[in-house]
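Chemist: 3D, please:
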Amino acid sequence: MSFIDSYKEHVNRPYGDYLQRLGMDFEAVRASGAIVEDRNGRKYIDCIGGQGNVNVGHNHPHVAEAMIRALQAVRPFGWPFISEDHVRLAEKLAEVAPAGLERCLIVNSGTEATESALKLARLATGRSGVIACHGGWHGFTLGALSVSEPRACKSFGPLLPGVRRVPYGDARAASEAISKEVGAMIVEPIQGENGGVMPPAGYLRELADICTASGVMLIFDEIKTGMGKTGTMFACEFDQAAPDVLLVGKSLGGGMMPIGAMVAKRQWWTKFGLSFPMSSSTYGGNALSCAAGLAAIEVIESENLCANAARQGRRLQEALAGLVALHSDTVQAVTGRGLLLGLRMASPKIASELTIRCVKHGVLLVPTSLNHACMLIEPPLCISDSQVDEVIWALQQACEEIGAVKI
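Modeler: Below you'll find the predicted structure:
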């Protein structure tokens, strides 16, 4: 039985046929930096980036060494014990987060961070209503699905009641949706899985003012956009906006460990005590994941990965804008910031074909989960000049080939 056939037979993740159709039905056996290698020795530049998990690159030695030290210390790893790594990571998150965010809950994933924020809003405000945005994506657990794009969640209903959806980027619509039942609003500074959709300038600041005036908890979901992806540690910094609660995940684990975090303003915890058990997950805040998280932030800072993401993102955006001009029948728009870029194709079929052809040219990327006509380009932030040149060349070749056969 082949690797992919065994995958489809025994692994409960519905990607076997999908990967086969996109030409990615190979076994990845090695990865380093922005490069993934298959069993046949073929190397690919990874522009999928674990859907945002590997900002510091695959298998970064500093992260691996931190994890080894944590294992060799032979400390207890889980509940109810407190580790130095747990405390140091919470301190570091308070340091790098927007001003005023200083109370940290460390959990096992981004979607757990979303669930924790929704629970915090109910406890702190006494109101269960939530405002969410069309085209948003916040995770696969039930509460997170309830505030995500409905068309991706309809199979799991009934979902949580009291969710009101408004157009993304429309602060006035958000203001009009607020009522005495609404306790929170959740929003992504850039919508990743909807194709790198950007809000208008000032939108996040305006939401902060509206929510503060209404006593509504504002939650920024930076699970995908954070950790340097857009050229600053967090995407909301571009709008000079600070939320009441910040959600972090994905690349917080250095591409090697599952972890998530909710970082909140202290005022939201005081009504029921700072130590209220928002989450008592057995592995939440375990020393191994926290060691990886702290090391990942250290790598982002010491290797100036935010600056590299901004610079390489500008290079890619300029090249992609050229593709839009030259191949308008194939490529329609480029969106996003830094190394979180959406490339909107003329149709889902063309997007799939672009993926297949890019894989043949040694570059991995896939359509987004909410907009199948859009590619999301999010390589590790350590991607080099020469690797960006190869990505640009592969995309140019693929667009030329697609145009020649008129798909």
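
Chemist: where are the low-confidence patches of the stretch 251-400 of the chain?
Modeler: 271-280 (pLDDT under 70).

Chemist: and if we set it to 80?
Modeler: Where the stretch 251-400 of the chain drops to pLDDT under 80, the residues are 269-281.

Chemist: That one: helices as residue ranges?
Modeler: 287-302, 305-326, 348-360, 385-405 (DSSP state H, counting those that start in this stretch).

Chemist: from the ones you listed, which stretch is densest packed?
Modeler: helix 287-302 (a mean of 23; mean count of other C-beta atoms under 10 Å). No exception for glycine: its C-beta is placed from N, CA and C like everyone else's.

Chemist: other SSEs contacting it?
Modeler: Here helix 287-302 touches helix 61-72, helix 84-96, strand 101-107, going by 3 or more C-beta pairs under 8 Å, 6 or more residues apart in numbering; DSSP states H and E.

Chemist: which outside residues touch the first one?
Modeler: This points to helix 61-72. Under the contact criterion C-beta atoms under 8 Å, 6 or more residues apart in numbering, helix 61-72 has outside partners 56, 85, 254-257, 287-288, 291-292, 294-296, 298-299.

Chemist: between these, which is closest to residue 401?
Modeler: residue 255 (31.5 Å; C-beta to C-beta).

Chemist: Tell me how many other residues crowd the residue nearest to that closest one when sequence neighbours are not counted.
Modeler: Of all residues not flanking residue 255 in the chain, residue 54 sits nearest, at 3.5 Å (C-beta to C-beta, 6 or more residues apart in numbering). Neighbours of residue 54 under the rule other C-beta atoms under 10 Å: 29.

Chemist: Residue 263 too?
Modeler: By the criterion of other C-beta under 10 Å, residue 263 has 27 neighbours.

Chemist: residue contacts, it?
Modeler: Contacts of residue 263 by C-beta under 8 Å, 6+ apart are 93, 94, 97, 101, 102, 103, 104, 245, 246, 248.

Chemist: okay but residue 395 is in contact with residue 363, surely?
Modeler: Yes: counting by C-beta atoms under 8 Å, residue 395 touches residue 363, with 7.4 Å between them.

Chemist: So the residue nearest to residue 255 belongs to a helix, correct?
Modeler: No: according to DSSP: H, G, I helix; E, B strand; the rest coil, residue 54 belongs to no helix; its state is coil.

Chemist: and it, how far is that from residue 8?
Modeler: Per C-beta to C-beta, to the nearest Å, residue 54 is found 25 Å from residue 8.
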